[in-house]
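> Structural data only, the sequence is not supplied:
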Ligand SMILES: NC(=O)C1=CN([C@@H]2O[C@H](COP(=O)(O)OP(=O)(O)OC[C@H]3O[C@@H](n4cnc5c(N)ncnc54)[C@H](O)[C@@H]3O)[C@@H](O)[C@H]2O)C=CC1
Ligand SMILES: CC(=O)N[C@@H]1[C@@H](OP(=O)(O)OP(=O)(O)OC[C@H]2O[C@@H](n3ccc(=O)[nH]c3=O)[C@H](O)[C@@H]2O)O[C@H](C(=O)O)[C@@H](O)[C@@H]1O
């Protein structure tokens, strides 16, 4: 057990008045540690620091730590974050360290927002979160409050996080608090979302944990703080949001595959169907990427024995969309009399969605792999993406937007980055032939019917 703490006010089990506790939190007397300073953690730590003036962030990536301590924001595409990080660091409201245990020593509130991923078998991989819980547990003090924000399979707090905290600290729940308060933020609008685009869900391992979480997020989030019964309910809320999205996208993709059979634009029918409030069919596309939506169904399917036919069907439908998209390219080439093994393709967009530098589960990688397997010479371009190894290993030629060839046999739009908006794809048509354009995100519909283009879309009829 660590030595008695001489600094910092404890909130959990506090006998101070509510007003004094609120004042302690907002005037920096309650030191906060945020573990994980990535796309979600850096904006979250920044909002905590903006509210409390006393946050130590911990990240195992030394470049992340060095950049932050130099007042720099390493997350692109987040409005307001550059200025906020710089201002907070300049007034020492926020500093970063590379050892989570060091951050835990003086903190009285511990917020974990590190990756919770899936392993090669698709099972939830909570190893990073559990490692952080050990770092916190070995420095836990009576009165500390632990908050998990990373998405977790239901029951993770009670079955996995709490036992680690109690074992490492020698303390018991009731001497410290634990709550699950899911991050409901989308990249590209993180500060806006964290500060209150939606109600903040909080679920405590006991009543006092819920009270402290409500106190904290009443200051962090200007929207409502919605307390639920316990940590498992809060974990379920977050996973349900993501599973709903994956299943809904799976329905959209399954309907889109009927475009030719119906001889209609399925996307037009979806848009019209969504004009009444009981229908909200999502958008069909080249696939479902990121380390959230494709992962969260596994947090139920792979974690519990109860049958999940709906989730599994949607997951496999969504996982087939990259191949479906690549086959559109190959079929288009055949229709144009071009042998794929002698063809060229330009893949537009590699990150899992526009503006976010993240390639986990990105549809573009299986699309590249399928085209290379068919013998196509693949160029790939994405000005947002900084992760190139996987695409090079898959056989793609990574090119800058200024260096794309004068002509290709085909182009496939996987992720509509803003930088592509000014591209005149018709100028890339091969000499004496038509350019096969496969539009994976309904972003190039203006090319339908162009005499230099053989257009194919997902959910778009031609
Ligand atoms: N990315 C998103 O859109 C959303 C993500 N989430 C949840 O947040 C989690 C984190 O997501 P991102 O911030 O996007 O991940 P990220 O990959 O952008 O950042 C994770 C950061 O954690 C650091 N890290 C890894 N191991 C660590 C350790 N042991 N101690 C301290 N830091 C460590 C990494 O160096 C990295 O900087 C996700 O796994 C998910 O559960 C929730 C809502 C939205
Ligand atoms: C329920 C919900 O909307 N969750 C959001 C989601 O954000 P995320 O960054 O994963 O992006 P996303 O818009 O869900 O897209 C995920 C993937 O799905 C694809 N996608 C998305 C919507 C759609 O109608 N069709 C479709 O094919 C996208 O192209 C992308 O490849 O997941 C985040 C998360 O939980 O990590 C969450 O905080 C965000 O609010």
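Structure received. A quick note: this is a predicted structure, and the numbers were derived from the prediction, not measured. Ligands and ions are numbered 1, 2, ... in the order given.
> C-alpha from now on. contacts and neighbour counts both.
Fine.
> packing partners for whatever helix or strand residue 232 lives in?
Using DSSP states H and E, residue 232 maps to helix 231-256. In this structure, helix 231-256 makes packing contacts with strand 177-180, strand 200-204, helix 266-273, helix 309-335, judged by 3 or more C-alpha pairs under 8 Å, 6 or more residues apart in numbering; DSSP states H and E.
> residue in the stretch 201-350 of the chain nearest to ligand 1?
residue 292 (6.1 Å; C-alpha to the nearest ligand atom).
> Next up, the contacts around the closest residue to that residue other than its chain neighbours.
What sits nearest to residue 292 in space, not counting adjacent residues and going by C-alpha to C-alpha, 6 or more residues apart in numbering, is residue 242, at 7.2 Å. If a contact means C-alpha atoms under 8 Å, 6 or more residues apart in numbering, then residue 242 has 292, 293, 296, 297 as its contacts.
> Now the third one: which helix or strand?
Same thing as residue 296. Of the helices and strands defined by DSSP H and E, none includes residue 296.
> contacting residues around it?
For residue 296, the contact set (C-alpha under 8 Å, 6+ apart) comprises 151, 153, 239, 242, 243.
> any idea how far residue 125 is from the residue lying closest to residue 417 once chain neighbours are set aside?
Across the structure, with C-alpha to C-alpha, 6+ apart as the measure, the residue nearest residue 417 apart from its sequence neighbours is residue 354 (5.0 Å). If you measure residue 354 against residue 125 using C-alpha to C-alpha, to the nearest Å, the figure is 26 Å.
> Check residue 98 too.
For residue 98, the distance to residue 125 - C-alpha to C-alpha - is 22 Å.
> now residue 251
Computed as C-alpha to C-alpha, the residue 251 to residue 125 distance reads 27 Å.
> Okay, buried residues for stretch 339-347 please.
Within stretch 339-347, the residues scored as buried using 16 or more other C-alpha atoms under 10 Å are 339, 340, 343, 344, 345, 346, 347.
> Contacts for that stretch, please.
When contacts are taken as C-alpha under 8 Å, 6+ apart, the neighbours of stretch 339-347 outside the stretch itself are 330, 333-334, 364, 368, 374-381, 408-414.
> Mind checking which of those are buried?
Neighbour counting with 16+ other C-alpha under 10 Å marks 330, 333, 364, 368, 374, 376-381, 408-414 as buried within the contacts of stretch 339-347.
> Could you tell me which of those residues belong to helices?
Of the positions in those, 330, 333, 364, 368 sit in helices, assigned by DSSP state H.
> Tell me who's in contact with residue 74.
64, 67, 68.
> oh, I was asking about residue 411
With contacts taken as C-alpha under 8 Å, 6+ apart, residue 411 has the following neighbours: 329, 345, 346, 347, 348, 435, 436, 437, 438.
> Can you name the two of those residues that sit furthest apart?
By the measure C-alpha to C-alpha, 348 and 435 form the most distant pair in the contacts of residue 411, at 14.2 Å.
> which of the two has more neighbours?
For residue 348 versus residue 435, the count of surrounding residues by other C-alpha atoms under 10 Å is larger for residue 435: 28 against 23.
> List the residues that contact that one.
Contacts of residue 435 were listed using C-alpha under 8 Å, 6+ apart, and they are 408, 409, 410, 411, 426, 428, 429, 452, 453, 454.
> Enumerate the beta-bridge partners assigned to the third one.
When you say that, I think you mean residue 410. Beta-bridge pairing of residue 410 under DSSP bridges involves residue 345, residue 436.
> Also the last one?
When bridges are called by DSSP bridges, residue 454 pairs up with residue 436.
> State the pLDDT value of it.
Taken from the predicted model, the pLDDT recorded for residue 454 is 98.
> Now do it against residue 309, distance only.
Counting by C-alpha to C-alpha, the separation of residue 454 from residue 309 is 37 Å.
> Settle it for me: which of those two has more neighbours?
Comparing residue 454 with residue 309 by other C-alpha under 10 Å, the one with more neighbours is residue 454, at 22 against 10.
> Identify the residues contacting the more buried one.
When contacts are counted by C-alpha under 8 Å, 6+ apart, residue 454 is found next to 332, 434, 435, 436, 437, 448.
> For ChimeraX, write the select line for the buried members of those.
If you want just the buried ones from these in ChimeraX, going by 16+ other C-alpha under 10 Å, the selection is:
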select :332,434,435,436,437,448
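> Columns pLDDT and distance to residue 106 on top of the contacts of residue 454, output as JSON lines?
Formatted as JSON lines, the entries for these read as follows, by pLDDT from 0 to 100; distance: C-alpha to C-alpha, whole Å:
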{"residue": "332", "pLDDT": "98", "distance to residue 106": "62"}
{"residue": "434", "pLDDT": "98", "distance to residue 106": "65"}
{"residue": "435", "pLDDT": "98", "distance to residue 106": "62"}
{"residue": "436", "pLDDT": "98", "distance to residue 106": "60"}
{"residue": "437", "pLDDT": "98", "distance to residue 106": "57"}
{"residue": "448", "pLDDT": "96", "distance to residue 106": "61"}
